[in-house]
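Novice: Generate coordinates for the sequence data below:
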Amino acid sequence: MINKKDIVIKTDVRRFIPFREGNALKKFRTDFQVKDKTLRMRATSAFYPLVATIVESIYDKESYRNGFTLYKEATGDGYSLLCRNDIDILFSTEPSESQRKSLIESGREYEFVPILMEPLAIILNKENSVNDLTTNNILDLYLGKIKNWKELGGPDLIVRTYQLTDGNGSHTCFTKLLRKTPLDINHKEVPTMPGIIDDVADYPGAICYAFWSYFTKMYSHACAKMIKVNGYTAFDSGYPLQHPIYMIFGKDNPNMEIQRIREFLTSDEGQVLVKEANQIQRDYGEDL
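Specialist: Numbering: from 1, shown residues only. Modelled structure (predicted):
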């Protein structure tokens with residue numbers, strides 16, 4: 001018998017490669033087309049499926065160059081490439097303080113164009129009976145003010161808070177919730193998104209966060225669950241923990257296709273495509 005704690009639900013990122021036969025991308029039709037073989041775009045890991053869908057919809061198949069036109073990057077690597085002018089467009093959430101400093105030190109000005117709001121999911125172990133927290137509850141848990149889940153009507157378990165290392169996109173978004181208040185010194189810092197999800201799946205009293213897109217499309221675990229915040233699910237428009245996904249590029253970039261893509265993605269037609277493209281989820285595996 002397979003132990004639930006051993007069941008990891010992950011997606012092979014190759015299933016999202018644009019124009020690859022049998023990929024998992026939804027197909028959208030639009031008259032807007034890009035035929036530039038020189039454009040270099042990167043998407044941070046959580047948003048690669050979304051951006052890959054956009055690219056397959058708007059790109060001319062003969063002009064798309066796999067691994068050059070689009071590639072998946074960690075958030076920090078994506079911002080480093082942008083600062084060095086090694087890419088033209090980065091799709092990501094906002095930079096951390098250190099990444100923002102690097103952007104300033106590069107001597108260039110950058111445009112941040114919001115294209116979609118992304119929920120930051122709060123994740124608990126499935127053995128925890130708590131299914132809804134307020135934003136104040138989450139603050140108190142991470143500040144060490146709530147130390148046992150029974151204080152929130154849950155099981156008699158010591159709270160163990162997990163946090164990603166600085167520079168991760170979801171960490172940057174989560175720290176905005178904390179309003180720069182120092183974290184409880186007992187939180188556990190984890191360098192990778194799969195690692196933090198696995199840790200929460202391993203201990204019933206654990207809590208962490210992850211971008212909704214990553215948890216629903218890329219990596220989750222049979223013993224981990226998303227919960228409501230302030231009574232809203234991550235699918236609801238009233239969900240409080242939402243952050244923009246940006247199309248980011250240097251203002252001095254002379255490639256006119258960048259402005260064309262910007263205008264399309266912020267148009268009514270483009271927004272319909274972006275929102276529908278973001279609904280792609282794993283189409284295999286079992287959420288237990």
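
Novice: pLDDT weak spots in the chain?
Specialist: Within the chain, the ranges that satisfy pLDDT under 70 run 1-6, 178-187, 280-288.

Novice: what's the spacing between stretch 171-180 and its chain's center?
Specialist: 15 Å (C-alpha atoms, centre = their mean, to the nearest Å).

Novice: neighbouring contacts of that stretch?
Specialist: Identification of contacts with stretch 171-180 by C-beta atoms under 8 Å, 6 or more residues apart in numbering yields 75, 93-96, 99, 120, 135, 138-139, 142-143, 163-165, 209, 211, 241, 243. The C-beta positions use only the backbone N, C-alpha and C, and glycine is treated the same way.

Novice: quick one: buried residues of that stretch?
Specialist: 171-175, 177 (16 or more other C-beta atoms under 10 Å).

Novice: Narrow these to those in helices?
Specialist: 171-175, 177 (DSSP state H).

Novice: Relative to C83, which of these is nearest.
Specialist: Checking these against C83 by C-beta to C-beta gives T172 as the nearest, at 16.1 Å.

Novice: how far away is that closest one from E276?
Specialist: Separation of T172 from E276 (C-beta to C-beta, to the nearest Å) stands at 27 Å.

Novice: related to what we said a few turns ago, could the ones in helices among the buried residues of stretch 171-180 be laid out in CSV, adding distance to S237?
Specialist: CSV is the format used below for these (distance: C-beta to C-beta, whole Å):
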residue, distance to S237
H171, 25
T172, 23
C173, 18
F174, 20
T175, 24
L177, 18
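
Novice: mind listing what Y209 touches?
Specialist: Y209 neighbours (C-beta under 8 Å, 6+ apart): 120-123, 164, 170, 174, 241.

Novice: Those residues: which two are farthest apart?
Specialist: Farthest apart among the contacts of Y209 - using C-beta to C-beta - are L164 and L241, which lie 14.8 Å from each other.

Novice: In the stretch 151-288 of the chain, what residue spans correspond to helices?
Specialist: Secondary structure of the stretch 151-288 of the chain (DSSP state H, counting those that start in this stretch): helices located at 169-177, 193-202, 212-213, 256-265, 268-277.

Novice: my bad, should have said the stretch 1-150 of the chain
Specialist: 48-58, 75-83, 97-105, 135-142.

Novice: Please list the residues outside the second one that contact it.
Specialist: Spelled out, it's helix 75-83. Contacts of helix 75-83 (C-beta under 8 Å, 6+ apart): 42-45, 73, 87, 90, 92-93, 95, 99, 102-103, 105-106, 108, 110, 167-169, 172, 248-250.

Novice: Could you turn the buried ones of those residues into a ChimeraX selection?
Specialist: A single ChimeraX command is used to select the members of these judged buried by 16+ other C-beta under 10 Å:
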select :42,43,44,45,73,87,90,92,93,95,99,102,103,106,110,167,168,169,172,248,249,250
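
Novice: so who does A74 touch?
Specialist: 44-45, 168.
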